[in-house]
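Novice: need coordinates for the below:
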Amino acid sequence: MMSDLDPSEQTEAYLNLLNKHERKLSVYVHTLVRDLADAEDIMQACRLTMWKRFSSFEAGSSFPAWGKKIALNQILNYRRSVKRKPLHTADPEFIESVAKEIDRQSDELLERSEALKECLRKLPDQQRQTIVLRYYDGCEIEEIARTTGRTGGAVYRLLSRIRRSLNECITSRLRLSA
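Specialist: Numbers count the residues shown, from 1 in each chain. Here you go, the predicted structure:
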């Protein structure tokens, strides 16, 4: 429990965790709340509630999962308090089911992202460099061709083979982890 920490350590721990996970929590809230101002109000209420309840947060447990539970309650409370319930989100059960689906997809994307990182590490240096140039540095095919001493067609074919190889690697890693 965070209540075991002194106040300054507790503050530092909270701010570190919030800083690390706030974007994920914000995406979650903005996905469930269409109006930007409402979503920001809810995020502010979430930050305040999380801070007030932080002493009960279990060290080592999932801060994002804990924060999402608080956010979902804030969203449901906010909708009840302002009586603005659009037809497509009026039902709290609907909001909860959407929240569960977001969590599921988020977990799946995280698994795919981790698998991609592992598969990228396994690529030969030259192939990894080509991927970095194209997808991380945003270089055009012709620029990559000049940089690597290849033709544009050869770069297209190489990228196609690398993508196919990465897709097979990711699929294999996900199958093994299931």
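
Novice: who's in contact with Cys139?
Specialist: For Cys139, the contact set (CB atoms under 8 Å, 6 or more residues apart in numbering) comprises 133, 147. For glycine as for every other residue, the C-beta is placed from the backbone atoms N, C-alpha and C.

Novice: next, it: phi, psi?
Specialist: Backbone dihedrals for Cys139, given as degrees, to the nearest 10, come out at phi -70, psi 150.

Novice: state the distance from it to Gly149.
Specialist: Cys139 sits 14 Å away from Gly149, going by CB to CB, to the nearest Å.

Novice: same deal with Leu159?
Specialist: Taken as CB to CB, the span from Leu159 to Gly149 is 16 Å.

Novice: repeat that for Leu15.
Specialist: Leu15 is 49 Å from Gly149, by CB to CB.

Novice: give me the more crowded residue out of the two.
Specialist: Set Leu15 next to Gly149 and count neighbours by other CB atoms under 10 Å: Leu15 wins out with 12 against 7.

Novice: check the offset of the lengthiest helix in the chain from the chain's centre.
Specialist: Ordering each helix of the chain by length in residues (DSSP state H) puts helix 92-122 first. Chain-centre distance of helix 92-122: 8 Å, with CA atoms, centre = their mean, to the nearest Å.

Novice: flag every buried residue along that helix.
Specialist: 95, 99, 106, 115, 119-120 (16 or more other CB atoms under 10 Å).

Novice: and what of stretch 157-169?
Specialist: 158-159, 162, 166, 169.

Novice: counting neighbours, what do you get for Ser61?
Specialist: 8.

Novice: for it, give me its contacts.
Specialist: Contacts for Ser61 (CB under 8 Å, 6+ apart) come out as none.
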